[in-house]
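[1] What follows is a protein structure lacking sequence information:
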């Protein structure tokens, strides 16, 4: 067969990864090198997962060919026949794979014999699968994909991650910082590798060559990946079905979302305050270092990372002033060094990333809380019509959308669908846990997935083999990657959709994907008994992936101990996750966690409800303001075009190019505030002297003293309202 199924599979994976990468990342703001590197780091792990089923079906076919060599035997059967041309043909039809020696003894013409068949070897005809790929293709593919992904996860991506958050201002400075930041990371890995080398060097009868060093490197990487994989699977196998079940309980999800909002509010305030402190330092730095200073270019680099509001508030001419800070002796000591500028730059990058993560989480949880409150109100609808507070539905099914269909879907169909999916996922999790604990038992076969594969292979149903492989490895990947995409470490790494994931989080996810996928696939091949090191069967044909990865026999305690028995730890982790032991421990240590009957939890839920109400009021005021503005624009546009205005009683106005303010100012009569007309209530001797106030506007108005002895006195001017009194309206 041709490689069309493999090519279609790779193209489909490429399209899927493109959609995911575009959904989470921001291609317009990210650097093109970061975008390409993270895309490859996401694409290769997904491709490994999707090509493994093809490799398994090819292995089943190769096993069939190997077993098809004369193996099947039949017991004693008596076949009466008379030899002849026609009889020999009928006998050949009955036993087409008779050995040459037997058929030659039956070729004597005219003799009537009775043939007793005691041991007949029958050759099995194997049908080639539709997705069959010739042997060198998959081997070359695994070499390219594996070593590229390992280079990304251990060398390129960590360096790129440190380079992205480096505060230095030159390429060499950023590379130096990246090397220093990863020194401990690489040193630990090299230390483990050196210990393994020393162990192999001192082992009697062991010598090192190129293939053994390759297996040693793969062993070290897969051992670390298997350790992370077991931790993630122990959490995802329980938490994912439980989350799916709890999602059907809208009241619980609303309380949980309010709790997250209350906690996130404090983190958001802290992130904003931290960013404001750093921005104030940047602003003072901009006022200190002027254009002639050699560090001014570094200040401009820091300003380019600041938000637009700060850059707009800084005067554009501040960098072009002739007088610099180092020309003043009193401020010479305030000029920072290049190292302090790099440190400030690094703090600014981290603060902006943390602030962006908290803002993304705030927007996401606030939107979810408002939708859940809206859903809770619509569930009590007697008319069974869904009323939306955010305008008309604008999704993919807007052409066939109706409020009644939306009510039935959100209030009735969706909850029951989530419950059904949760039950299926829970059953699948139990199957995975059972198989992970007993997959190393060969006789009898206790791994459920190995039983399914053997049953499909018995009937040479390669489509069923690939379906079981896709379903199993997809569920393992979802449970493992769910924790990756939901991970939140100190609000620094966070993956969120709608193009709001920063570069650092995209790189972090790419590293974990490249690191976890190879041990995940090896663990899956062990579950279905396609690893001869586990089954101890020399007649087993291995996959091209297993042949490339090797059996890790170089280090026996890892190949025979850790890789086989460590997955049993999934049972313990699933037990701890099911009873929320980690949540209770964090709650006891002072980290607020969502616990239903806790007083502090209820206070945070109430606080979150108030935050949601405040957001509702804010949006309502915004909508009312927008409505008034739109009505005013329509009214004003109607006046300018000569359309009758209902408020003016049908009177028409001619088209004018000026606005209402200029029209009022034009129609008003000029007023002279410099002269005051005589007032009957003011005596003539107390009238303002003409021209006196105009000649000296700073002096107070002088009045003539009367003969009654008042003398020259000063009457205070009339008080005017303070300026800008209505600026806050």
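    Nice, thanks for sending it over. Quick caveat: nothing in here was measured; it's all calculated off a predicted structure. Numbers count the residues shown, from 1 in each chain.
[2] Just give the number of residues close to residue 4.
    10 (other CB atoms under 10 Å). Every residue, glycine included, has its C-beta placed from N, CA and C.
[3] Just the pLDDT for it.
    The model reports residue 4 with a pLDDT of 85.
[4] Also residue 295?
    For residue 295, pLDDT reads 87.
[5] If we ignore the residues flanking it in sequence, what's nearest it?
    residue 289 (5.4 Å; CB to CB, 6 or more residues apart in numbering).
[6] Residue 276 versus the one you found, what's the distance?
    Residue 289 sits at a distance of 21 Å from residue 276 (criterion: CB to CB, to the nearest Å).
[7] For those two, indicate the residue with more neighbours.
    residue 289 (26 against 13).
[8] from what I can see the more buried one touches residue 302, true?
    No: in this structure residue 289 lies outside contact range of residue 302 using CB atoms under 8 Å: 10.2 Å.
[9] residues contacting the residue nearest the centre of the chain?
    In the chain, the centroid-proximal residue (CA atoms, centre = their mean) is residue 495; its distance is 3.2 Å. Contacts for residue 495 (CB atoms under 8 Å, 6 or more residues apart in numbering) come out as 24, 484, 485, 486, 487, 501, 505, 506, 509.
[10] Now the first one: phi and psi?
    Think residue 24. Backbone torsions for residue 24, taken as degrees, to the nearest 10, come to phi -90, psi -40.
[11] what's the spacing between the residue nearest to it when sequence neighbours are not counted and residue 16?
    The shortest distance from residue 24 to any non-neighbouring residue, by CB to CB, 6+ apart, is to residue 501 (4.5 Å). Distance, residue 501 to residue 16, using CB to CB: 17 Å.
[12] Would you mind telling me which of these two has more residues around it?
    The residue with more neighbours, out of residue 501 and residue 16, is residue 501; 26 against 15, by other CB under 10 Å.
[13] For the closest residue to residue 247 other than its chain neighbours, pull up the helix or strand it's in.
    Spatial nearest neighbour of residue 247, excluding adjacent residues (CB to CB, 6+ apart): residue 418 at 5.2 Å. In this structure, residue 418 sits in helix 414-438 according to DSSP states H and E.
[14] State the mean pLDDT of that helix.
    Rounded mean pLDDT across helix 414-438 is 93.
[15] What residues sit buried inside it?
    Under the neighbour-count criterion of 16 or more other CB atoms under 10 Å, helix 414-438 has 418, 422, 425-426, 428-429, 431-433, 435-438 buried.
[16] Then stretch 36-47?
    37, 38, 39, 40, 41, 42, 43, 44, 45, 46, 47.
[17] likewise stretch 371-391?
    371, 372, 373, 374, 375, 378, 379, 386.
[18] Keep only those of the residues you listed that are in helices.
    Per DSSP state H, helices hold the following members of the buried residues of stretch 371-391: 371, 372, 373, 374, 375, 378, 379.
[19] Quick check, residue 236 in contact with residue 479.
    Yes: with contact defined as CB under 8 Å, residue 236 counts as touching residue 479 (3.3 Å).
[20] out of these two, which sits in the busier spot?
    residue 236 (26 against 23).
[21] what stretches of the stretch 101-250 of the chain score poorly on pLDDT?
    Filtered on pLDDT under 70, the stretch 101-250 of the chain yields the residue ranges 101-125, 205-208.
[22] That's all I had, so thanks and see you.
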